[in-house]
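Peer 1: with the sequence up front, the predicted model follows.
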Amino acid sequence: MKTLYLECKMGAAGDMLGAALLGLFDETDAILKDLNEIGIPFVEFRLEESTKCGIVGNHLRVIINGEEEEPGHSHEHSYEHDHDHKHTHEHHHSHKSLYDIEEIIENLNINKEIKSDIREVYELLAEAESKVHGVPVQEIHFHEVGNMDAIADITAFCYLMHELDPEKVIVSPINVGGGTVKTAHGILPIPAPATAVLLEGIPCYQSNIESELCTPTGAALIKYFAFDFSNQPVMVPEKIGYGMGKKDFPQANCLRAVLGNAREDTEQIVEISCNVDDMTAEEIGFAIDMLFEAGAVEVYTTAVGMKKGRPGTVISCMCRTDEREKMVDLMFKHTTTIGIRENICNRYVMAREIRKIDTPYGEVRVKKSYGHEVCREKLEYDDIAGIARLTGKSLLELKKEISDEIDK
């Protein structure tokens, strides 16, 4: 499966994301020419080489009216709403609403699918600002100069994603940085409130780097395009691109994009487990039911000997990486444990499909599993069990009878 993996150990910003994707193309000059022919008003894209901690990558410059935004200025926090800018005619016209942005998007020289993606990303940004400031989306306004820079970053990334056309996009947990950031509304903690809203449901963490590493634009792009959030899956890399930030840190300030083929029979999975020695069988059974109902891939128990010779039980839950926090919370809630262990595993799976067959007893589902030079079929237990209860026949008798019908 053609997979794009984005490694965000130094956060995610719009220009870094676009620069990283540009590194995945053989003909970067031609792609850059295409970007400049999109026709974003007053905007020119320039690509230059940048080196961070000895690593050579790309820096995507957005030139607006011949000038680049000054390093350290955070245009993405210059959002306002109607209550904040009714002072002068000139000040009012230095802000644009979603309606104004829609006009700009509509006049871009790109296909309607890319335009739709740009709109969706901007709506995520506006909804986040609306939630933070407590005003309707239609009242959210964006600072004009920053707005053009943000439109450029978003347009470039959406265009490059369509050119690459990956089947799956996986993003690592995101480093948001630490400290505070200066915005139009004052000094705010990192991640800034709008960024924090956009990162809801996305694995992220703070670090001791006193800088804003994940911007609202970067968070919105990832939220819109990502399929899953995990460490790099088992894949065969074909292209690697580095998008460089403007600032220098002891750690290389880059975002890495890896394009390759991921094994479709492999996925990363989290195994969380705990030991208990003071729960009844009924209580353990209820905890297992709660974990399964919440979406666990598998839950099982193992009898063990614990300290002081006490018999105990290990409760193990396997879940997808983006559901680990939910499962940890449930395990603490429904068991008596005070500590949970975690292991990240590669899970090899066979391809699966379900088909229905007609039998003298009605439709019965058949599960087919195949891969690794193996193919097997199995009658759906619930269907056979239901027939057994109605007919009084045994499961073994029904399985043989229906299997014989299939083989005829």
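Peer 2: Received it, and whenever you're ready, just let me know what you need. Numbers count the residues shown, from 1 in each chain.
Peer 1: show the average pLDDT along stretch 14-34.
Peer 2: Regarding stretch 14-34, the rounded mean pLDDT is 95.
Peer 1: now swap in stretch 128-139 and tell me
Peer 2: Mean predicted lDDT for stretch 128-139 stands at 79.
Peer 1: give the other helices and strands that the helix or strand encompassing Val197 contacts.
Peer 2: Taking DSSP states H and E as the definition, one finds Val197 inside helix 193-198. For helix 193-198, the elements it packs on are helix 112-133, helix 216-225, judged by 3 or more CB pairs under 8 Å, 6 or more residues apart in numbering; DSSP states H and E. Where you see a C-beta, it was placed from the backbone N, CA and C, and this is true even at glycine.
Peer 1: how many neighbours does Met16 have?
Peer 2: 32 (other CB atoms under 10 Å).
Peer 1: which ones are touching it?
Peer 2: Applying CB atoms under 8 Å, 6 or more residues apart in numbering to Met16 gives the contacts 60, 218, 243-245, 254-255.
Peer 1: among those residues, which are in strands?
Peer 2: Judged by DSSP state E, these include 60, 243-244, 254-255 as members of strands.
Peer 1: nearest to Lys356 among the contacts of Met16?
Peer 2: Gly218 (45.6 Å; CB to CB).
Peer 1: how far does stretch 317-331 stretch from one end to the other?
Peer 2: From its first residue to its last, stretch 317-331 covers 9 Å (CA to CA, to the nearest Å).
Peer 1: now do stretch 355-368
Peer 2: So stretch 355-368: terminal residues 8 Å apart, CA to CA.
Peer 1: and that stretch, what's buried?
Peer 2: Neighbour-count burial for stretch 355-368 flags 359, 361, 364, 366 (criterion: 16 or more other CB atoms under 10 Å).
Peer 1: farthest-apart pair in the residues you listed, please.
Peer 2: Across these (CB to CB), the longest gap, 13.8 Å, separates Tyr361 and Val366.
Peer 1: about what we covered before: the ones in strands among the contacts of Met16: which two are farthest apart?
Peer 2: Across those (CB to CB), the longest gap, 12.4 Å, separates Leu60 and Cys254.
Peer 1: what bits of the stretch 1-150 of the chain have low per-residue confidence?
Peer 2: For the stretch 1-150 of the chain, residues meeting the criterion pLDDT under 70 lie at 69-96, 139-146.
Peer 1: mind listing the helices for it?
Peer 2: 14-22, 28-36, 89-92, 98-106, 112-133, 144-164 (DSSP state H, counting those that start in this stretch).
Peer 1: deepest of these, which one?
Peer 2: Greatest average neighbour count among the helices of the stretch 1-150 of the chain goes to helix 14-22 (a mean of 28), per mean count of other CB atoms under 10 Å.
Peer 1: now the angle from that one to helix 144-164?
Peer 2: 20 degrees (axes from the mean of the first three to the mean of the last three CA atoms, to 10 degrees).
Peer 1: so which of the helices of the stretch 1-150 of the chain is nearest Lys400?
Peer 2: Of all the helices of the stretch 1-150 of the chain, helix 144-164 sits nearest to Lys400, with 51.6 Å by CB to CB.
Peer 1: how far is the closest one from where the chain is centred?
Peer 2: Mean-position distance between helix 144-164 and its chain equals 19 Å (CA atoms, centre = their mean, to the nearest Å).
Peer 1: ok, stretch 361-378 next?
Peer 2: Centre-to-centre, stretch 361-378 and its host chain are 32 Å apart (CA atoms, centre = their mean).
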